[in-house]
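Q: Return a 3D structure for these sequence lines:
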Amino acid sequence: MQATRLLSGAAVAASLLMMNLGAARIGAQAPRTIPRMPDGRPNLQGIWQVRNRASYDLQDHVSRYLMPAGRSVVEGGEIPYQPWAAEKKRANFASRATADPVGQCYIPGVPRIMYMEWPFQIVQTHDHLGMIFEWTQNFRLIYTNGSKHDDRAQPWMGDSRGRWEGDTLVVDVANHNDKTWFDMAGNFHSDALHLVERYTMVNADAIQYEVTIEDPKVFTRPWKISMPLFRQQGADRILEYHCQAEKEEADGDFEPQARTWYPGPDAPKPALAFGPPAPRQQPWKAPDSVRRTADGKADLNGFWEADGGGANYGLEAHPPSAGNLTPPGRGVISDPADGKLPFQPWARDEREDRETPVRGYDDPTAHCFPAGVPRSIYVPVPFHLIQSPDTIITLHERTSWRVINFTRTRHLPDTMRLWQGDSLGRWDGDTLVVETTNFNGKTWGSEVGDVFSHAEHVVERFKPVDADTIQYEATITDPLVYTRPFTISMPLHRLKSDLLEAACHEEDHDLGILKRVRDQERARLSGSAAGK
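A: Below you'll find the predicted structure:
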């Protein structure tokens, strides 16, 4: 735990008191002192973080192993459990070391994710508010367009629908499952949980966050928690902490690949053995049917899905695999003209080896890890894009996100390596151009093992061709793997529905099967070698 993220219990109490007093004192001044969106609503955009220990226990608590002391954020100090539920809470506390869902790297749920000691970023438009969390690439999508709850599922993060009451964002969160806890101490709920959150900016750098909690199966009455969220000054992006990936790598269940993973800062830098891609033609001008944002840019906001043509099962054109385990693909490589990936010999051999059943376990997406770039676009699940003047985020149904920044001019230092890389955006006419570097080299380009390394460099182009279609293009340069750059192309189509949650790790049933296949094949090969 980083010391800079913690305050003493007394400091937290003082901070909470000052925030509450401050909210009351400056309420009349708020319209002049808080930042605002073009539509006049408070601008909540930025990187935020709590300064309390509520994620360990919502109530007053002394320190215990791996649980620092902290003050209560519960109004009145007590949680009004029904008698049976109070007993269950005590049992949860006793078994918290193994029973806490977050200890298994699961999605924390709402409201817990809001007060975990990990920063999160808000990107806001008139119709949507997206939150992306450093913890395990989780996100929230809050609809502020007047739409109703989607009752088809009970996602881990619930279903969030927001409205504005003056300068306060009020979010109704419903349709929860019963698999999350409120904190490490075992405070819990049922699937009847209903939340009403209130986000009130008290100044440019603080949001007062309140949640009213109702669950008639567990509690005797509604109750409330409250705390301030603080802007992280000087932070220009959030990073990644993918809990399950870190756990599996530490346990040896996700094994390093020497040729592709980032080897560390002391390794020699790969030489670029070929020149950059040819310069582009005249900037694209979108037709009048394409919507525009308040700043005049092409409006890419919305829910999209790639017509990937089977790209997730191989970027080159390919027939169905033996036994029809993977579908055919039309091929999405537009350059070179022959539609073939310009592999170096070792990489072609690696690609063919990855396609064998024994290597299926090695695909990071089989472990529910982020798909990387550009694969996140053509994995066959949709994504929601939220666009502001200085930031774009993409929320992928398979519980991961990307952030594209327009205000930074330099990528992260070379030693900072991420699953989704570091993406900087710019506009070329009406084309969104995104340059992504700083990959960790752990992702695959497809389910059958198209090879990318830590030297990957991607330039994407999102070209709106009508109100419901974007022509997507990505040029990949990777001198460790390929003899020249290559380009893939495909259309993205707007969908007329809402983003759902595919809680991959939490509900995975396939990884164990893939591991058994791998282990059995390794044992067979080892036995064959020993018998010679």
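
Q: And residue 238, how far from residue 287?
A: With the distance defined as C-beta to C-beta, to the nearest Å, residue 238 ends up 36 Å from residue 287. Using the backbone N, CA and C atoms, a C-beta is placed for each residue, glycine as well.

Q: okay, the two: which has more neighbours?
A: residue 238 (20 against 10; other C-beta atoms under 10 Å).

Q: tell me the SS of the nearest residue to residue 128 once chain neighbours are set aside?
A: Spatially, and ignoring its direct neighbours in sequence, residue 128 is nearest to residue 386 (5.5 Å; C-beta to C-beta, 6 or more residues apart in numbering). Here residue 386 is strand, with the state taken from DSSP: H, G, I helix; E, B strand; the rest coil.

Q: What is the strand or helix carrying residue 492 packed up against?
A: According to DSSP states H and E, residue 492 maps onto strand 486-494. Judged by 3 or more C-beta pairs under 8 Å, 6 or more residues apart in numbering; DSSP states H and E, the packing partners of strand 486-494 are strand 302-306, strand 333-335, helix 375-378, strand 469-477.

Q: For the helix or strand that residue 403 is a member of, give the mean pLDDT please.
A: In the assignment (DSSP H and E), residue 403 maps to strand 400-405. Mean pLDDT, computed over strand 400-405, is 97.

Q: Show me where the protein has its helices.
A: 9-26, 30-33, 83-94, 96-99, 243-251, 345-354, 375-378, 511-531 (DSSP state H).

Q: hey, least reliable of those helices by pLDDT?
A: helix 9-26 (a mean of 40).

Q: For the protein, give me the ranges with low pLDDT.
A: 1-32, 272-281, 322-324, 509, 521-522, 525, 528-532 (pLDDT under 70).

Q: Apply 50 and report the result again.
A: For the chain, the stretches flagged by pLDDT under 50 are 1-29.

Q: What is the burial count for residue 414?
A: 12.

Q: Go through stretch 69-85 and flag the buried ones.
A: 70, 71, 72, 73, 74, 79, 81, 85 (16 or more other C-beta atoms under 10 Å).

Q: just curious, which of the residues you listed is nearest to residue 343?
A: Distances from residue 343 to those, taken as C-beta to C-beta, are shortest for residue 70 (54.0 Å).

Q: so what's residue 385 up against?
A: By C-beta atoms under 8 Å, 6 or more residues apart in numbering, the residues touching residue 385 are 300, 301, 302, 303, 304, 392, 393, 394, 395.

Q: Pick the one among the residues you listed closest to residue 439.
A: residue 394 (16.5 Å).

Q: I'd like to know how far the closest one sits from residue 156.
A: 20 Å.

Q: for residue 147, same thing?
A: Counting by C-beta to C-beta - residue 147 and residue 156 are separated by 20 Å.

Q: rewinding a little: between which two of the buried residues of stretch 69-85 is the distance greatest?
A: 71 and 85 (23.2 Å).

Q: which of the residues in stretch 122-135 are buried?
A: Quick answer for stretch 122-135 (16+ other C-beta under 10 Å): 122, 123, 124, 125, 128, 129, 130, 131, 132, 133, 134, 135.

Q: got the end-to-end distance for that stretch?
A: 14 Å (C-alpha to C-alpha, to the nearest Å).

Q: Please apply the same query to stretch 447-462.
A: 24 Å.

Q: Give me the residues contacting the strand holding residue 403.
A: When contacts are defined by C-beta under 8 Å, 6+ apart, strand 400-405 is touched by residues 121, 132, 137, 139, 236-238, 370-371, 373, 376, 390-396, 419-420, 423-425, 434.

Q: likewise stretch 212-220?
A: With C-beta under 8 Å, 6+ apart, stretch 212-220 has contacts from 79-82, 85, 111, 188-196, 222-225.

Q: Out of the residues you listed, which end up buried?
A: Looks like the contacts of stretch 212-220 have 79, 81, 85, 111, 188, 189, 193, 194, 195, 196, 223, 225 buried, using 16+ other C-beta under 10 Å.

Q: any idea how far the closest residue in space to residue 357 that isn't next to it in sequence lies from residue 491?
A: Of all residues not flanking residue 357 in the chain, residue 517 sits nearest, at 5.6 Å (C-beta to C-beta, 6+ apart). Distance from residue 517 to residue 491, counting by C-beta to C-beta: 35 Å.

Q: among the buried residues of stretch 122-135, which two are most distant?
A: 125 and 135 (23.6 Å).

Q: returning to what we had before: residue 231: which of the buried residues of stretch 69-85 is nearest?
A: Distances from residue 231 to those, taken by C-beta to C-beta, are shortest for residue 73, at 19.2 Å.

Q: ok, that closest one touching residue 224?
A: No: here residue 73 lies out of contact with residue 224, judged by C-beta atoms under 8 Å, at a distance of 9.4 Å.

Q: count of neighbours near residue 248?
A: Neighbours of residue 248 (other C-beta under 10 Å): 18.

Q: Over to residue 306?
A: 23.

Q: next one: residue 386
A: There are 23 residues near residue 386, going by other C-beta under 10 Å.

Q: residues in contact with it?
A: 123, 124, 125, 128, 129, 130, 141, 301, 392, 393, 394, 395.

Q: Now for the last one: which residues touch it?
A: Listed by C-beta under 8 Å, 6+ apart, the contact partners of residue 395 are 130, 132, 139, 141, 383, 384, 385, 386, 401, 499.

Q: Between those residues, which sits nearest residue 44?
A: The closest of the contacts of residue 395, once distances to residue 44 are taken by C-beta to C-beta, is residue 130, at 10.8 Å.

Q: so what's that closest one closest to, chain neighbours aside?
A: residue 386 (4.3 Å).

Q: So the one you found versus residue 107, what's the distance?
A: Taking C-beta to C-beta, one finds residue 386 at 20 Å from residue 107.

Q: do residue 382 as well
A: 19 Å.

Q: Settle it for me: which of these two has more neighbours?
A: Neighbour count, other C-beta under 10 Å: between residue 382 and residue 107, residue 107 has more, with 25 against 21.

Q: Report whether the expected contact of that one with residue 138 is present.
A: Yes: with contact defined as C-beta under 8 Å, residue 107 counts as touching residue 138 (5.6 Å).

Q: any common contacting residues for those two?
A: Common neighbours of residue 107 and residue 138 (C-beta under 8 Å, 6+ apart) are 113, 157, 399.
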